[in-house]
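Novice: Just the structure for this:
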Amino acid sequence: MRRNGFLTSTPRQELKGSVTVNGDPLFWGWVTFYPSNETYPVANAYIGWKGKGEFTITAVDGPCLGNYRVEVYEVATEFNDPKSGAYSMKDAKRYETTMEITESNKGDLTVNVR
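Specialist: Modelled structure (predicted):
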């Protein structure tokens, strides 16, 4: 029920932004926003290798405004030989940070992790 936003009447927001790892755009992975308010839904976005670290989450699946623990998973850093299947990293790297999603930053949010 939480995932679908049924536990709150607070509106979900479209969220646009980018993810950087050590200052470089996330090459391939995903970002997940875990709200501190336990009634708010969790939101996430897949970032493909053509995305240059950028993501959009529609309002239907987006987060509510508020404070979040943000997890970033990096699963590849290059795509040199797609036919080999060897472009994924042996183990995904996990990063974590916290941030507030506000009315003023929801259209151009940058998640920086190290």
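Novice: which residues touch the residue nearest the centre of the chain?
Specialist: By Cα atoms, centre = their mean, the chain has its centre lying nearest to residue 31, at 2.4 Å. For residue 31, the contacting residues are 19, 44-45, 47, 55, 70-73, 111, by Cβ atoms under 8 Å, 6 or more residues apart in numbering. Placement of C-beta: from N, CA and C, glycine included.
Novice: On the pLDDT front, check it for me.
Specialist: At residue 31, the predicted lDDT confidence score is 97.
Novice: now swap in the one 3 residues further on and tell me
Specialist: pLDDT, residue 34: 97.
Novice: Which element, helix or strand, includes it?
Specialist: Assigned by DSSP states H and E, residue 34 belongs to strand 28-35.
Novice: Report the buried residues of that strand.
Specialist: 28-31, 33-35 (16 or more other Cβ atoms under 10 Å).
Novice: pLDDT on the helix or strand just after that strand, on average?
Specialist: Later in the chain than strand 28-35, the nearest helix or strand by DSSP H and E is strand 43-47. Across strand 43-47, the average pLDDT comes to 96.
Novice: Partner strands of strand 43-47, with direction?
Specialist: When pairing is defined by DSSP bridges, strand 43-47 lines up against strand 28-35 (antiparallel).
Novice: and the strand it pairs with, how far out from the chain's middle?
Specialist: 3 Å (Cα atoms, centre = their mean, to the nearest Å).
Novice: picking up where we left off before, could you check how far the residue nearest to the centre of the chain is from residue 1?
Specialist: Using Cβ to Cβ, to the nearest Å, one obtains 23 Å as the distance from residue 31 to residue 1.
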